[in-house]
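*Asks:* Sequence plus predicted model, see below.
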Amino acid sequence: MKNKVIFIFVFFFCSNIHPQLMRWTYLIDENFYQMEISTSGDIYATSFLNSKVYKSTNDGTNWSQIFQIHDPTSLTVKGKDTIFVGTLSGELYISTDAGASFKLLKNFPSAIWSIKSRDFSGINCTIVGTDSSGIFTSIDNCVSWKGELTKIKYFWQIAVSKNNILVRTIYNGLYLSQDFGLTWNKKNVKADTEWIDDIETVEGDSTVFALTGGVYKSTNSGGTWELLSNINVGGNDLAYSPMEKQLFAGAYVSDDQGVSWRKICTFRPDLILIKDSTTFLLTETGSLYREDHTPPYIYGGNNFLPLAVGNKWQYIKTNSGYNGISYSTSYNLSTIEVLSDTILNGKHCFLVNDDGTYNFLYYSDDNKLFLEFSGIEKLLMDFNLLGHDEFEYYGATWATVYEGPVSLFGYERYSKGLSSDYYGVPFTRKYADSIGVYYYHSNDDGPMGSYYEKRLDLIEALVKIKDSTFLYKVNYFSSVDSNTINLLSDTLLGINVTVSHPRDIITDIPQKNLFYTNSVEIEYFFVKGTDSIGGGKKYLNRLENSNSFSDSIYFSSSLYNQGYEIKYRFHLTDKGIIPSPSTYPGNGFLSYKIDPVNIDKENPQIQNFQLAQNYPNPFNPSTRIEYSVASSQNVTLKVFDILGNEVATLVNELKVPGVYTVQFDGGNLTSGVYFYKLQSGSFVQSKKFILMK
């Protein structure tokens, strides 16, 4: 097994993109340290930080803990059932039942960094490399041990090449034994250094590969070496695939024994494991990936942020936070728009207004999205990358890419996104092909448990691509919840309308609501029999922090006692990039009789129970509630807070048919959303109103 130095440090490296990057499936992040595969195909792994040994029987998809042990530093698997585990304190454990049980085999004087157990011409040979006590060999099934090279430290890796044993140290190069570890000879890969990152042997062959400032090859079990390539492989591990005849070195692979190389990933592999034709990569941080053999997703993409003058994206922005005392959430609309284009430093740049922030963006010829900032390029996204690849975001931090299909506006699109941590603020951004950014999320932690969270969800997009323009939206429409007309005087009618939209978001703090209806217009005229006079259209005024609209309509006093009716309907628009209009009612007009003389106040002909919307709404501190009773019954009208607690009883008595009005005074209540409910027999109806002080 190939061991890794347990130091914590950060690598900064440049990402060389190659069109043949392999696809990788993320499996697990359990701080794995070492891994090996048994002849039965089971995978074993140790975690130094978690002090555990794991096992997977389904190619790394699922893992189970099989052994709890303090500081495991080394692992090797022999055959299908035998597992050796060494520790930092020098303990050597063995399992002969595929990890079902372990027992202590021997205590060595110092930490065990490497183990290997193989059969050579009928002789079982087990080799243990220690930290500072030399290398130990047993050829009698681990009964007795012989120590050698006691003055050499850090035996980091043991490999078998045909009937020869190679040992890699940290500072003293390679040692070769041709007599099962009884004697050792020092071997140099190259004269100018003794630091070797890794060695890899070919099963049943005398070929050995070494990684040390380049890739080297020996055809005589490490006796002599030749340089294959000076490539900087972006990793410190080697692996050979006998099935595919491929040599893996760090983030690269060679199909021709090291003559030419192609990049397979953008992260830095710290361990490479081959099982048949499948490659596993373990990163420096302990994250495990498996080669994805499935074909590319069926929804491809190459235009993840269409840049053209006039393109717009509209989002619902959610701002949440906790200041250490209380939580709050608010909603509002956010818009991104491409305002103009120009040539800057030889690049075709587009000026983008991102909710009040102005930036110049442009695409490079190789499909990378940049921000032009005072002549300096800032990389925002590399759309060439595959899932789990990494790149340097904005020249300041590393970002991880993910990809896959997404369903938006009834279309299946290909999606690419990134997640990163920009100056301590984690964020995620997602792009959809031919649409643009459809999701953004960030979360900033503060002192004393406080935090601030922002999220953007795309609801509409107007996108021009070449000569075609596309509008992406779901056709929701504003609707009228209730409307009332009140006779204010012999020349004035009061109009009050409450509307709603599927995108409305109502909170317990009115100032933080989102109301998506933009305007309400009343169309009206006056009629008596076949006589029609006057009329017009008028936009109503929105009541602050609500979805109620009101105004008044003047009419001639001559109509007051002559039996005229007002015929009216409402035209509504929303706040979409291209507004969606609606009309209420959908056909015809509503009517209200002006003439008070013809109203039978003693015997009103009420057909139905009905609860009207209060007026005004919002109110401070009092409002008027109107309701209709269709038959003589006991009637209750009660007020509740947003938690369902009853705060007032306005009516609780027998009522005869008629129209009634009751005044509610909320002077002793706090500002907020309340509900009032009318109940009579089987009839129950409730409505919402807002008290604002």
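*Replies:* The structure has been received and is ready for your questions. Computed from a prediction, not measured in an experiment: that's the story for all the values here. Numbers count the residues shown, from 1 in each chain.
*Asks:* quick one, strands of the stretch 451-600 of the chain?
*Replies:* Remark: strands assigned in the stretch 451-600 of the chain by DSSP state E, counting those that start in this stretch are 451-465, 468-473, 479-489, 492-500, 517-528, 531-539, 541-542, 548-554, 565-574, 582-584, 590-593.
*Asks:* Gly410: which of those is closest?
*Replies:* Among the strands of the stretch 451-600 of the chain, the nearest to Gly410 by C-beta to C-beta is strand 468-473 (9.0 Å). The way it works is simple: take the backbone N, C-alpha and C, and place the C-beta from them, glycine included.
*Asks:* any idea how far the closest one is from the chain center?
*Replies:* Relative to its chain's centre, strand 468-473 lies at 25 Å (C-alpha atoms, centre = their mean, to the nearest Å).
*Asks:* Equivalent analysis for stretch 409-426, please.
*Replies:* Its chain's C-alpha centre lies 6 Å from the corresponding centre of stretch 409-426 when counted by C-alpha atoms, centre = their mean.
*Asks:* I'd like to know which of the strands of the stretch 451-600 of the chain lies nearest to Thr130.
*Replies:* Relative to Thr130, the nearest member of the strands of the stretch 451-600 of the chain by C-beta to C-beta is strand 451-465, separated by 47.9 Å.
*Asks:* packing partners for the closest one?
*Replies:* Contacts of strand 451-465 with other secondary structure elements, assessed using 3 or more C-beta pairs under 8 Å, 6 or more residues apart in numbering; DSSP states H and E, are made with strand 312-322, strand 436-445, strand 468-473.
*Asks:* Contacts for the longest one next, please.
*Replies:* Spelled out, it's strand 312-322. Counting contacts by C-beta atoms under 8 Å, 6 or more residues apart in numbering, the residues outside strand 312-322 that touch it are 327-338, 355, 436-437, 440, 449-462, 503, 505, 514, 576-577.
*Asks:* cool, the last one as well?
*Replies:* With contact meaning C-beta under 8 Å, 6+ apart, strand 468-473 is reached by 408-409, 411, 434-435, 459-464, 576-578, 580.
*Asks:* Output the contacting helices and strands for the helix or strand Leu227 falls within.
*Replies:* Using DSSP states H and E, Leu227 maps to strand 226-229. The criterion is 3+ C-beta pairs under 8 Å, 6+ apart, and the helices and strands that strand 226-229 contacts are strand 215-218.
*Asks:* With just CA atoms, put the strand it packs on into CSV.
*Replies:* Provided in CSV are the C-alpha atoms of strand 215-218 (Å, rounded to 0.1, in the frame of the first residue of the first chain):
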residue,chain,number,x,y,z
VAL,A,215,8.1,9.7,-14.6
TYR,A,216,10.8,7.0,-14.7
LYS,A,217,10.8,3.4,-15.8
SER,A,218,12.8,0.3,-14.9
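*Asks:* All the helices of this structure, residue numbers only.
*Replies:* For the chain, applying DSSP state H gives no helices.
*Asks:* Let's check: the centremost residue of it is which one?
*Replies:* Per C-alpha atoms, centre = their mean, the C-alpha nearest to the average position across the chain is that of Thr428, at 5.7 Å.
*Asks:* picking up where we left off before, hmm, which two among the contacts of strand 468-473 are most spread apart?
*Replies:* Between any two of those, the greatest separation by C-beta to C-beta is 22.0 Å, found for Ser434 and Ser580.
*Asks:* mind checking which helix or strand of this protein has the lowest mean pLDDT?
*Replies:* Among the secondary structure pieces of the chain, namely its helices and strands, strand 610-611 has the lowest mean (mean pLDDT, DSSP states H and E), a mean of 84.
*Asks:* Leu282 is nearest to which of the helices and strands packed on strand 451-465?
*Replies:* That would be, of the helices and strands packed on strand 451-465 and by C-beta to C-beta, strand 436-445, which comes in at 28.3 Å.
*Asks:* gap between the closest one and the chain center?
*Replies:* Averaging C-alpha positions (C-alpha atoms, centre = their mean) puts strand 436-445 8 Å from its chain's average.
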